[in-house]
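Colleague: mind folding the following:
(2 chains)
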Amino acid sequence: MEKILEVKNLELSFHTFAGEVKAIRGVNFDLKKGETLAIVGESGSGKSVTTKAIMRLLPESSSEFKNGQILFNGKDLTKLSDKEMQKIRGKDISMIFQDPMTSLNPTMTIGNQIMEPILKHQKIGKAEARKVAIDLLRLVGMPKPEARIKQYPHQFSGGQRQRIVIAIALACNPQILIADEPTTALDVTIQAQILELMKDLQKKIDTSIIFITHDLGVVANVADRVAVMYGGKIVEIGTVDEIFYNPQHPYTWGLLSSMPSLDSADEKLYAIPGTPPDLLYPPKGDAFALRSDYALKIDLEEAPPFFKVSDTHSAATWLLHPDAPQVEPPLAIVERMKKFPGSRYYEGTEGGTY
Amino acid sequence: MTKYITRRIFYMFITFFLIATATFFLMKALPGSPISSASKLSPTQLAVVEAKYGLDQPIPVQYAKYMLNLAQGDLGNSFQFKNASVTDLIIDRLGPSLILGTQGLVLGVTLGILLGMIAALRQNTIWDYGSTFVAIIGISIPSFVFATFLQYWLAVQWELFPVALWKDGWMSSVLPSIALAMGPLATASRFIRTEMIEVLSSDYITLAKSKGANGFEIAFKHAFRNALIPLVTVLGPLAAGLLTGSLVIEQIFAIPGIGEQFVKSIMSNDFSIIMGTTLFFSAFLIVVIFLVDVLYGIIDPRIRLSGGKD
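Modeller: Numbers count the residues shown, from 1 in each chain, chains lettered A, B, ... in the order given. Sure, this is the predicted structure:
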């Protein structure tokens, strides 16, 4: 499939009073046309910063690209001027934000807010743009769009506002849609509706989605591929099945183990011990080593490179090095692996190789 | 909306009535009377004059009479200015005060908003520090000190404007207006700066950026209106304060405005003018506060006046 976005060895720092915070420390991934890539990780892992960097929405005064490229249609977004970037934002790449309660301008009618990117990026008149806006509202499932287009954000519920934010993001049929935890601030029933809506819309307008979340349930629901981020780096990337059923990085094991499951209701829920690394002083080796039960001596000294697990799956852990000792993943993970053809614990019969 | 406004107007009358009552009794509680300063009168003459103005009657009776007259729009006659009616005196003096107040307010608030916007958009640059400096000067230097400087430099040294008096038409109003504008300028620029900085960091500004909006659109189309609310809140008292605040400025520039007359009548214990002017200022403030409340609803649709659902 055609690559639409390539992030190459991206490094980004924030300048704070305390010093330089290395928020992104060499991130590589690409996004293919029409696919949904989920980026998961805990707070502070750099997932939001990565996507804001793609949109260049970080404050210019305190953030700095240290290295790397963000290639979009052959253009390096890190090198574009503000003017050139404004032409891309909202038109080719657009974004859905986390909290619909605060992401709409309270003193502007939603019609004007939806029409803004249309008027800005397309050469059409106001009346026409209004029609497009009404169609968009209908597309995102807003009843009576003709009447509601004149209303202000406070006259809508949280779920409705997120639909409006999605309508704004889709206004110019973007090639890439970045969804930064779009369901986190919504209650569970609305979450499901919004997710269904997004999946539906993706089929209709054929856009690629980068979906940021810390909710693995959501990932399983929407993603084609998953990138797991930790300490400003991607530690494992693969298809959704590979990440869920054949995870290789101890951090991914931890993440999956801390997901509550219906089968294990009476067990104590697992939590990863310790706290994320302070990126003001990033650790030398594997950032997760100090919290990991599986850390090797080398993890503390040298950052692991990516090891290929399959064509689509790779993980940055020394455990995959040919010389590494064989370790047993946590029990819950072994249970998962048993269902995945190609994993060393596979027990199924369909297409089994041994 | 109509229901809301009717109710508000009713409350406005109650407020006004309470202020009138309080001022009346406070004035009566003060020692002396308008004629007591005229010490040359004999006790018999005093009694005659007191009887003529009804000052010999018990205070409740005087109060009832005053309020009845007030209800008919009659503020009584001045003791000091040859029995002229207070209403006429105020109207005569209103012109210069209104011109100064309006010019000062418009100049101050406009420049203040501009300075505040620049400071917020160029945060922590020389622009920001410059604007902060101007605001600190505006707040900390009293308007009369500033007025004296203006008089000395612009009028006496450079002879650009008349030093004082109300004789050269609009030119006479320039210096007092500038002196009056300093306060509102400082207040407006501080309020706008703080609020703009907060608004500019909000999520909907990031969303506006992600739509491709440029810096100008973000500042004026998205942020400005949202940053106005706190300024509008102080604008009412500020506007009323400019009319009353011109007491000192009118004295310094010898301008025949309400303020100057007010100060004179306090000196001479001219009861009816003090009452009349106080009531006029109160009515002005009450109306301005009401207008500000209506203005909220126009600026921010979330602040819907009750009963305003359509």
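
Colleague: what does chain B have sitting close to chain A?
Modeller: Within chain B, the positions adjacent to chain A are B:202-204, B:206-215, B:222, B:225-226, B:299-302 by Cβ under 8 Å from any Cβ of the partner chain. C-beta: built from backbone N, CA, C; applies to glycine.

Colleague: can we see that at 10 Å?
Modeller: Counting by Cβ under 10 Å from any Cβ of the partner chain, the positions of chain B adjacent to chain A are B:123-124, B:199, B:201-215, B:217, B:221-226, B:228-229, B:299-304.

Colleague: list only buried entries from those residues.
Modeller: B:199, B:202-213, B:217, B:221-226, B:228-229, B:300-301, B:304 (16 or more other Cβ atoms under 10 Å in any protein chain shown).

Colleague: tell me the residue of the stretch 201-350 of chain A that sits nearest chain B?
Modeller: Residue nearest to chain B within the stretch 201-350 of chain A: residue A:210 (13.2 Å; Cβ to the nearest Cβ).

Colleague: which ones are touching that residue?
Modeller: Counting by Cβ atoms under 10 Å, 6 or more residues apart in numbering or on different chains, residue A:210 makes contact with A:5, A:7, A:29, A:31, A:35-39, A:47, A:50-51, A:54, A:93, A:95, A:176-180, A:223, A:227.

Colleague: doesn't residue B:117 lie inside a helix?
Modeller: Yes. Applying DSSP: H, G, I helix; E, B strand; the rest coil, one finds residue B:117 inside a helix.

Colleague: in the stretch 1-150 of chain B, which spans are helices?
Modeller: Remark: helices assigned in the stretch 1-150 of chain B by DSSP state H, counting those that start in this stretch are B:2-29, B:43-52, B:59-71, B:86-121, B:126-140, B:143-150.

Colleague: low-confidence stretches in the stretch 251-354 of chain A?
Modeller: Scanning the stretch 251-354 of chain A for pLDDT under 70 picks out A:262-266, A:348-354.

Colleague: helices of that one, residue ranges please.
Modeller: A:331-337.

Colleague: which parts of it are strands?
Modeller: In the stretch 251-354 of chain A, the strands defined using DSSP state E, counting those that start in this stretch lie at A:307-308, A:314-315.

Colleague: residues contacting the residue nearest to residue B:131 when sequence neighbours are not counted?
Modeller: With sequence-adjacent residues excluded and distances taken as Cβ to Cβ, 6 or more residues apart in numbering or on different chains, residue B:131 is closest to residue B:119, at 3.8 Å. Counting by Cβ under 10 Å, 6+ apart, residue B:119 touches B:125, B:127-132, B:134-135, B:189-190, B:192-194, B:196-197.

Colleague: give me that answer again for 8 Å
Modeller: B:127, B:128, B:131, B:132, B:189, B:193 (Cβ atoms under 8 Å, 6 or more residues apart in numbering or on different chains).

Colleague: closest one of these to chain A?
Modeller: Nearest to chain A among the contacts of residue B:119 is residue B:128, at 12.4 Å by Cβ to the nearest Cβ.

Colleague: could you report the neighbour count for that closest one?
Modeller: 18 (other Cβ atoms under 10 Å in any protein chain shown).

Colleague: which non-adjacent residue is nearest it?
Modeller: residue B:119 (4.4 Å).

Colleague: what about chain B, any weak spots by pLDDT?
Modeller: Looking at chain B by pLDDT under 70, you get B:1, B:33-39, B:80-82, B:168, B:171, B:243-245, B:304-310.

Colleague: deepest-packed of the strands of the stretch 251-354 of chain A, please.
Modeller: strand A:314-315 (a mean of 24; mean count of other Cβ atoms under 10 Å in any protein chain shown).

Colleague: other SSEs contacting it?
Modeller: For strand A:314-315, the packing partners by 3 or more Cβ pairs under 8 Å, 6 or more residues apart in numbering or on different chains; DSSP states H and E come out as strand A:233-239, strand A:307-308.

Colleague: Serialize those to CSV and add fields for distance to chain B.
Modeller: CSV is the format used below for the helices and strands packed on strand A:314-315 (distance: least, Cβ to the nearest Cβ, whole Å):
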stretch, distance to chain B
strand A:233-239, 23
strand A:307-308, 35
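
Colleague: distance to residue B:176 for those strands - can I get that in a markdown table?
Modeller: Below are the helices and strands packed on strand A:314-315 laid out as a markdown table (distance: least, Cβ to Cβ, whole Å):
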| stretch | distance to residue B:176 |
| --- | --- |
| strand A:233-239 | 66 |
| strand A:307-308 | 80 |
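
Colleague: phi and psi next, for the residue in the stretch 51-200 of chain A positioned nearest to chain B.
Modeller: Nearest to chain B, among the residues of the stretch 51-200 of chain A, is residue A:90, at 3.7 Å (Cβ to the nearest Cβ). Backbone torsions of residue A:90, given as degrees, to the nearest 10, read phi 80, psi -20.

Colleague: please tell me how far it sits from residue A:136.
Modeller: Going from residue A:90 to residue A:136 by Cβ to Cβ, to the nearest Å gives 13 Å.
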